[in-house]
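Asker: 3D, please:
(2 chains)
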2 protein chains.
Amino acid sequence: MPTEEELTRLVKRELGADSGFEDAETVPFSGKQLVASTDMLSEGDDFPPGMPYDAIGWNAVAANLSDIAAAGAKPLGVLMAWGVPRVLPESGVQKIAKGMAACARAHHTRVLGGDMNESESIVLTGTAFGIARYPLRRTGARPGDLLAVTGRLGASAAGYLIYWSKREKKTQLEQKMLHRFNFPLARTKLMAELNSRGLVRAATDISDGLSTSVHNLCRESGTGALVEYVGIPMFEGFEEYCRKENRMPLELLNLSADYEILAAFQQESFLAARNIARRLGGELHEIGTVLKKDVLLEKEGRIAPLPRKGFAHFE
Amino acid sequence: MPTEEELTRLVKRELGADSGFEDAETVPFSGKQLVASTDMLSEGDDFPPGMPYDAIGWNAVAANLSDIAAAGAKPLGVLMAWGVPRVLPESGVQKIAKGMAACARAHHTRVLGGDMNESESIVLTGTAFGIARYPLRRTGARPGDLLAVTGRLGASAAGYLIYWSKREKKTQLEQKMLHRFNFPLARTKLMAELNSRGLVRAATDISDGLSTSVHNLCRESGTGALVEYVGIPMFEGFEEYCRKENRMPLELLNLSADYEILAAFQQESFLAARNIARRLGGELHEIGTVLKKDVLLEKEGRIAPLPRKGFAHFE
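Answerer: Here you go, the predicted structure:
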């Protein structure tokens, strides 16, 4: 079976080289750029067993808004195509819708409408669109740039594992990470603001995993990178959780990552960008630098290649 | 089990009264309106057994462009989220993509990109974008207006039944209807042109069935309608097929309808509209008039209520 990436390459060949399967696509529109992104989420892969209905709805919207954030665009709206099994109670449908509406509101946008269908299991395909004068891409990073992420990482992967463990009793820490997994915030406001000021060189959403995203950004920019392990901002309690579960934090960050953005900044822009993030109540954590080539990880004084191990379907 | 319509009402209540689940949604954008529509299509319901891969890809794009046509908008692009089963051969994925690209080209637009996922069976969620100064809605019809459709009807329903019959041998007529079912054309060009000239009062795509669409347009416009059976333009050979299969044409037109548009015109605009259609190589067939109330059908001199029998999921 080919991997998701191989199938995507195959499809892109047919659609034309300028078609994209990454973060968001752009179309010129009245002197600006329309930015649009679509994501299909489904039971199991994206909605683990036991995930509450409102969290399912929230995540379906957040996943798409995160791609709009990666483009540094202002959200205009979200469409949602529903595939719903016959056995899903009406109250479940209602709670999913409530979660969608709440997530859109939290990002100052709306679910405009959609399409209702019957399916074997829950499938939600969202499409978000936004506007930007100059949408961010993955291609603009240059050697010497700083790499930063927009928030603390780990709650998503931990939340995912906690659901799959199906343990009834959850510690307070587990509950906290589950809450973050259920109701993540996409960084639309911060990224639109930074982009409108021309402070960002390149960006990508890291929901496919941290190191996959570093590799993607480097490949598209034609660069390498050095990630400093000590710089990676971990969600409070995440490392403790990893120790208890006998997992490596970086391994989990590549399993399922948070709706945070990885962005490259010119050295001289970074302080201004971080000040803006703070003013907006957001975060910007430096995790490394862009190199000419090689994607490396520095951990405890040792430097080694950073493996491209993320989450890909079909694997 | 609630019907698709009941679930949609439930969801709309949560999303806000101005959310829509019909044809396309609109958002103001730089002095114009961005029009967007999403449709989830899946094996069985939308892609019957034996449907070729390129036709599957073509239909997934056409379904969305038809909603853009209903809004009288010019297409800007299409996004496609894929759910693909492991057992689908690579060549199948490639053919689906080829069909998508060909359909987009035939409508002077592009598949911009999308999202690749694994799923139990083929699920394709498309989202199409377009632009219009004044997007058409279902709400503008007024008593005295003429109702017209943009092409001959029946090939879609017949094609659907022919696939499900799973008969190996197909007549020439069946092959012709299958071809039209496989590669339908959405009426984007005609509807954008008519709308830009202000000639259309209200419109809807009739892919949910002819009489459902008449009922929807009337309900949203607060009107009734009289449909004249003799005016309904049937695909060549469709009535012969119905006789042979012992089915009523109108029953089949409500089962699965073609990607044609039902539109309301002021009496004095209709001739101009039809001339434009002819000049563009298109069609516009008068099928009735808008009334103050009651949705009626006239057939062989008798007038009776037109039942709202269309295709709805969950039924």
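Asker: So in terms of bridging, what pairs with A:Gly114?
Answerer: A:Met80 (DSSP bridges).
Asker: And for it, the neighbour number?
Answerer: Close neighbours of A:Gly114, defined as other Cβ atoms under 10 Å in any protein chain shown, add up to 32. Using the backbone N, CA and C atoms, a C-beta is placed for each residue, glycine as well.
Asker: For it, give its distance to A:Ser66.
Answerer: As judged by Cβ to Cβ, to the nearest Å, A:Gly114 and A:Ser66 stand 19 Å apart.
Asker: Next one: A:Ala106 from A:Ala186, what distance?
Answerer: Distance from A:Ala106 to A:Ala186, by Cβ to Cβ: 9 Å.
Asker: ok, those two, which is more surrounded?
Answerer: Using other Cβ under 10 Å, the more surrounded residue of A:Ala106 and A:Ala186 is A:Ala186, with 29 against 16.
Asker: before we move on, which element is the more buried one in?
Answerer: Using DSSP states H and E, A:Ala186 is not contained in any helix or strand.
Asker: Which pLDDT does the model give it?
Answerer: The per-residue pLDDT reported for A:Ala186 equals 97.
Asker: do A:Gly310 as well
Answerer: Reported pLDDT for A:Gly310: 51.
Asker: I'd like the secondary structure assignment at A:Lys189, please.
Answerer: helix (DSSP: H, G, I helix; E, B strand; the rest coil).
Asker: can you pull the contacts of the residue lying closest to it once chain neighbours are set aside?
Answerer: Using Cβ to Cβ, 6 or more residues apart in numbering or on different chains and skipping the chain neighbours, the partner closest in space to A:Lys189 is A:Leu280 (6.1 Å). Neighbouring residues of A:Leu280 by Cβ atoms under 8 Å, 6 or more residues apart in numbering or on different chains: A:Lys189, A:Leu190, A:Glu193.
Asker: Quick one, grab the pLDDT at the last one.
Answerer: I take that to be A:Glu193. At A:Glu193, pLDDT is 98.
Asker: For the helix or strand it falls within, name the packing helices and strands.
Answerer: Element membership of A:Glu193, judged by DSSP H and E, is helix A:188-196. Counting contacts by 3 or more Cβ pairs under 8 Å, 6 or more residues apart in numbering or on different chains; DSSP states H and E, helix A:188-196 is packed against helix A:53-70, strand A:74-84, strand A:123-132, strand A:261-265, helix A:267-279.
Asker: swap the cut-off to 6 Å and go again
Answerer: helix A:53-70, helix A:267-279 (3 or more Cβ pairs under 6 Å, 6 or more residues apart in numbering or on different chains; DSSP states H and E).
Asker: How many neighbouring residues does A:Arg278 have?
Answerer: Neighbour number of A:Arg278 under other Cβ under 10 Å is 11.
Asker: which regions of chain A sit below the pLDDT cut-off?
Answerer: Low-confidence segments of chain A (pLDDT under 70): A:1, A:17-22, A:310-315.
Asker: Let me see the domain layout of chain A.
Answerer: Taking automatic domain parsing as the reference, chain A has its domains at A:4-132, A:146-305.
Asker: Please indicate which of those domains has the most neighbours on average?
Answerer: domain A:4-132 (a mean of 23; mean count of other Cβ atoms under 10 Å in any protein chain shown).
Asker: Could you pull out the strands in chain A for me?
Answerer: For chain A, the strands defined by DSSP state E cover A:25-29, A:32-42, A:74-84, A:111-118, A:123-132, A:146-149, A:202-205, A:224-228, A:261-265, A:285-291, A:295-299, A:302-305.
Asker: Nearest to B:Gln175, out of those?
Answerer: When the strands of chain A are compared by Cβ to Cβ, strand A:111-118 sits nearest B:Gln175, at 29.2 Å.
Asker: Can you tell me which helices and strands that closest one packs against?
Answerer: Taking 3+ Cβ pairs under 6 Å, 6+ apart as the contact cut, strand A:111-118 packs with strand A:74-84, helix B:4-15, strand B:32-42.
Asker: Please name whichever of these is nearest to A:Gly209.
Answerer: strand A:74-84 (24.0 Å).
Asker: Tabulate the helices and strands packed on strand A:111-118 in JSON lines, adding columns for distance to B:Ser91.
Answerer: As requested, the helices and strands packed on strand A:111-118 are arranged in JSON lines below (distance: least, Cβ to Cβ, whole Å):
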{"stretch": "strand A:74-84", "distance to B:Ser91": "26"}
{"stretch": "helix B:4-15", "distance to B:Ser91": "34"}
{"stretch": "strand B:32-42", "distance to B:Ser91": "20"}
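Asker: and of these, who's closest to A:Ala263?
Answerer: strand A:74-84 (16.7 Å).
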